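1. Let's see this in three dimensions:
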Amino acid sequence: MPPTANSEIDRAVEVAPEITHTVSWRVTSVRVLPGARLEVSFVDGTTGRVEMGAFLGSPSVVGTVFEPLRDPDAFAEAAVVMGVIQWPSGADLAPDAMYDAIRESGRWVLD
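-> Now for the predicted structure:
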């Protein structure tokens, strides 16, 4: 059987369209700020800050996936993956709790 003329064209986007998040608490962007802080934006345009300094300084973080984030270089690797802020260490943040706190006060303080 001869190969089709366009056998190397990736047609996956025609079959599975890009996922778009419609729930308001999905994160669309994150920017790392000094002092273990993040600036985040959500699907509905809500923006605010996440303050993690006290949390990361807590003894309860020792031995968890959050411990590597005490290093500013590791903390700076925050990224949005499918609407959630994640780090290579496996740490992530609950976007729904973050959204609720930011809608209420403009920031989410983890302690």
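2. How about stretch 41-52, which residues are buried there?
-> Using 16 or more other Cβ atoms under 10 Å as the test for burial, stretch 41-52 gives 41, 42, 43, 46, 48, 49, 50, 51, 52. For glycine as for every other residue, the C-beta is placed from the backbone atoms N, C-alpha and C.
3. what's the spacing between it and its chain's center?
-> Here stretch 41-52 shows a centroid-to-chain-centroid distance of 10 Å under the convention Cα atoms, centre = their mean, to the nearest Å.
4. Let's test this: mean pLDDT of it, rounded?
-> Averaged over stretch 41-52, pLDDT sits at 96.
5. Using PDB, list the CA coordinates for that stretch.
-> Provided in PDB are the C-alpha atoms of stretch 41-52 (Å, rounded to 0.1, in the frame of the first residue of the first chain):
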ATOM      1  CA  SER A  41      -3.700  35.700  37.200                       C
ATOM      2  CA  PHE A  42      -6.800  33.600  36.700                       C
ATOM      3  CA  VAL A  43      -9.100  32.700  33.800                       C
ATOM      4  CA  ASP A  44     -11.600  35.400  34.800                       C
ATOM      5  CA  GLY A  45      -9.000  38.200  35.000                       C
ATOM      6  CA  THR A  46      -8.600  38.200  38.800                       C
ATOM      7  CA  THR A  47      -5.000  38.900  39.800                       C
ATOM      8  CA  GLY A  48      -3.300  38.900  43.200                       C
ATOM      9  CA  ARG A  49      -0.300  37.800  45.200                       C
ATOM     10  CA  VAL A  50       0.700  34.600  47.000                       C
ATOM     11  CA  GLU A  51       3.000  35.000  50.000                       C
ATOM     12  CA  MET A  52       4.800  31.900  50.900                       C
END
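6. give the contact list for the residue nearest to the spatial centre of the chain.
-> In the chain, the residue lying closest to the centroid (Cα atoms, centre = their mean) is residue 85, at 1.4 Å. Residues near residue 85 by Cβ atoms under 8 Å, 6 or more residues apart in numbering: 27, 30, 38, 40, 50, 78, 79, 92, 93, 95, 98.
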